[in-house]
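Asker: generate coordinates for the sequence data below:
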Amino acid sequence: MREKSSIRQNRPVFDLIIYKKNTGGLNRVATVLNELPETMNFDNLEADFFELFNSQAIQRLGYLLDLLGYEKLADTLEQKAKQTGIKFKKCPLSLTSKKLELSEYKTDNKWKIIINEEIETDNL
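Answerer: Predicted structure coming up:
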């Protein structure tokens with residue numbers, strides 16, 4: 001079975017989020033994302049795409065896109081996710097944070113991301 005072009009085009013971006021530990025952490029992921037906006041297009045994503053990834057990966061990617069200034073991409077991702085029935089629940093940005101008490105951190109209202117790690121890239 002062939003992957004749809006929207007899946008082929010956008011899967012690497014989600015893989016960065018899912019395998020963030022292997023790619024050097026969230027700061028490295030954000031740096032790479034900052035170089036890839038023209039390769040991302042969420043306009044044609046369908047429900048089958050969102051079945052491939054957990055909601056936390058979608059939330060983390062959306063949050064990082066907003067943080068990096070790619071609001072249009074982030075808004076499209078949010079809209080498509082909600083159209084497929086995905087409901088965002090609070091989740092930490094980083095799973096490797098040394099502090100375990102998440103109530104100490106601010107939460108991004110749009111993505112329901114608990115901001116327990118400061119993101120730094122060479123381009124921020």
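Asker: every contact and neighbour count from this point should use C-alpha atoms.
Answerer: Fine.
Asker: which non-adjacent residue is nearest the residue most central in space within the chain?
Answerer: Centroid check for the chain by C-alpha atoms, centre = their mean gives residue 61 as the closest residue, at 0.9 Å. The shortest distance from residue 61 to any non-neighbouring residue, by C-alpha to C-alpha, 6 or more residues apart in numbering, is to residue 17 (6.6 Å).
Asker: so what's the one you found up against?
Answerer: 26, 29, 57, 60-61 (C-alpha atoms under 8 Å, 6 or more residues apart in numbering).
Asker: would TSV of those residues with secondary structure, distance to residue 48 and pLDDT be doable?
Answerer: Formatted as TSV, the contacts of residue 17 follow (DSSP: H, G, I helix; E, B strand; the rest coil; distance: C-alpha to C-alpha, whole Å; pLDDT from 0 to 100):
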residue	secondary structure	distance to residue 48	pLDDT
26	helix	26	88
29	helix	24	88
57	helix	15	92
60	helix	19	95
61	helix	18	93
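Asker: so which strand or helix has residue 56?
Answerer: Secondary structure from DSSP states H and E places residue 56 in helix 55-67.
Asker: what helices or strands is that helix leaning on?
Answerer: helix 5-18, helix 71-83, strand 113-114 (3 or more C-alpha pairs under 8 Å, 6 or more residues apart in numbering; DSSP states H and E).
Asker: now the longest one: mean pLDDT?
Answerer: Averaged across helix 5-18, the pLDDT comes to 72.
Asker: what sits up against the helix holding residue 56?
Answerer: Against helix 55-67 from outside (C-alpha under 8 Å, 6+ apart): 14, 17-18, 30, 33, 71, 73-75, 77-78, 81, 86-88, 91, 93, 108, 111-113.
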